[in-house]
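Trainee: Just the structure for this:
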Amino acid sequence: QVQVKQSGGGLVQAGGSLRLSCAASGAIFNINAMGWHRQAPGKQREPVASISSGGRTTYADSVKGRVTISRDNANNTVYLQMNSLKPEDTAVYYCSVRATDYSGHTYDYWGQGTQVTVSA
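Mentor: Okay, here's the model as predicted:
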């Protein structure tokens, strides 16, 4: 069993910064990609950023230049540093972890979600 736990988030004024963290634990043989998604009220969940096991990153156009994803492989943790936040960044943010267990099965695991609210 793999557990994914998020931390961070909260309320911030426009132009401010927040850092989200997400740690995976449990019966993990290997972690492949890690990433962040978000879901605003009334909208579908959308990808924000991802990082491969080798450190290659991708970003949604809407956050490029303002957001940095990073990972700590030793601690199975991924971070999302968000700067110059805008009210349209308000959403529930979800961490995703693609992990392989000791049986050789690969699944996508999701964090519990954390609210990010940016006030104008």
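Trainee: measure the residue nearest in space to the middle of the chain to residue 101 for me?
Mentor: Centroid-nearest residue in the chain, with C-alpha atoms, centre = their mean: residue 36, separated by 2.8 Å. For residue 36, the distance to residue 101 equals 22 Å [C-beta to C-beta, to the nearest Å]. No exception for glycine: its C-beta is placed from N, CA and C like everyone else's.
Trainee: Please apply the same query to residue 85.
Mentor: 36 Å.
Trainee: what does residue 67 give?
Mentor: 30 Å.
Trainee: Name the residue in these two with the higher neighbour count.
Mentor: residue 67 (21 against 15; other C-beta atoms under 10 Å).
Trainee: just so I have it, where are all the helices in the protein?
Mentor: Using DSSP state H, no helices are found in the chain.
Trainee: Low-confidence ranges, it, go.
Mentor: The chain contains no residues with pLDDT under 70.
Trainee: Could you pull out the strands in it for me?
Mentor: 2-8, 10-13, 18-26, 30-39, 46-51, 57-59, 67-72, 77-82, 91-100, 106-110, 114-119 (DSSP state E).
Trainee: Can you tell me which of the ones you listed is most buried?
Mentor: Comparing the strands of the chain by mean neighbour count (mean count of other C-beta atoms under 10 Å), strand 77-82 comes out on top with a mean of 23.
Trainee: residues in contact with that strand?
Mentor: 8, 17-24, 34-36, 48-49, 51, 63, 66-72, 89, 93, 95, 97, 116 (C-beta atoms under 8 Å, 6 or more residues apart in numbering).
Trainee: wait, doesn't residue 14 sit right on residue 86?
Mentor: Yes. If you go by C-beta atoms under 8 Å, residue 14 and residue 86 touch, sitting 5.9 Å apart.
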